[in-house]
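>>> using only what follows, build the 3D model:
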Amino acid sequence: QVQLVESGGGLVQAGGSLRLSCAASGRTVSTYFMGWFRQAPGNEREFVAAISRSAATYYTDSVRGRFTISRDNAKNTVSLQMNSLKPEDTAVYYCAAKYGSTSTRQYAYDYWGQGTQVTVSS
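Here you go, the predicted structure:
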């Protein structure tokens, strides 16, 4: 079992950057397929990015080229670098972990953090 804690959210102007971090404890992040999801008010939770055990990365179309997911095995963290932020990126961002293979479906993930708020002003 792994515990996940997100940090790094905040308020930023459109065009700005933020770096989210997900700290894991209990198990190493390299054991899992790690993902970032987000949920805006009134919307379903949606897939943002993921990184596999072999460090292959996956992105939803709306963030590809602006967001970068990475993993630091020594620090046992997964990060999401977010550049060129837009107001539509405003949401609570969640870190998640799953066993096994690739998935962009939230219900496939086994463990979740509590979320961190990202607000992008226009």
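>>> where does the prediction get shaky in this structure?
Across the chain, nothing is flagged by pLDDT under 70.
>>> which stretches in it count as strands?
Counting by DSSP state E, the chain has strands at residues 3-7, 10-13, 18-25, 33-39, 46-51, 57-59, 67-72, 77-82, 91-98, 111-112, 116-121.
>>> tell me what angle the first one forms with strand 91-98.
When you say that, I think you mean strand 3-7. Taking axes from the mean of the first three to the mean of the last three Cα atoms, to 10 degrees, one finds strand 3-7 and strand 91-98 inclined to each other by 150 degrees.
>>> elements contacting strand 3-7?
strand 18-25, strand 91-98, strand 111-112 (3 or more Cβ pairs under 8 Å, 6 or more residues apart in numbering; DSSP states H and E). Yep, even glycine has a C-beta here, placed from its N, CA and C like the rest.
>>> so what strands line up beside the first one?
If I follow you right, that is strand 18-25. The strands beside strand 18-25 in its sheet (DSSP bridges) come out as strand 3-7 (antiparallel), strand 77-82 (antiparallel).
>>> need the winner for burial among those strands.
Mean neighbours per residue, mean count of other Cβ atoms under 10 Å, is largest over these for strand 77-82, with a mean of 23.
>>> return the distance of it from the chain's centre.
7 Å (Cα atoms, centre = their mean, to the nearest Å).
>>> and it, C-alpha only, in CSV?
The C-alpha coordinates for strand 77-82 follow below in CSV (Å, rounded to 0.1, in the frame of the first residue of the first chain):
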residue,chain,number,x,y,z
THR,A,77,8.1,11.6,-5.9
VAL,A,78,6.2,12.2,-9.1
SER,A,79,6.0,15.7,-10.5
LEU,A,80,3.8,17.6,-13.0
GLN,A,81,5.4,20.6,-14.5
MET,A,82,2.7,22.8,-15.9
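>>> what sits opposite Q13 in the beta ladder?
Residues in beta-bridge contact with Q13 (DSSP bridges): S121.
>>> if I look at it, how far off is M82?
13 Å (Cβ to Cβ, to the nearest Å).
>>> could you do A24 as well?
20 Å.
>>> once you drop chain neighbours, what's closest to the most centrally placed residue in the chain?
In the chain, the C-alpha nearest the mean C-alpha coordinate belongs to W36, at 2.4 Å (Cα atoms, centre = their mean). Leaving aside its chain neighbours, W36 sits nearest to V48 (4.4 Å; criterion: Cβ to Cβ, 6 or more residues apart in numbering).
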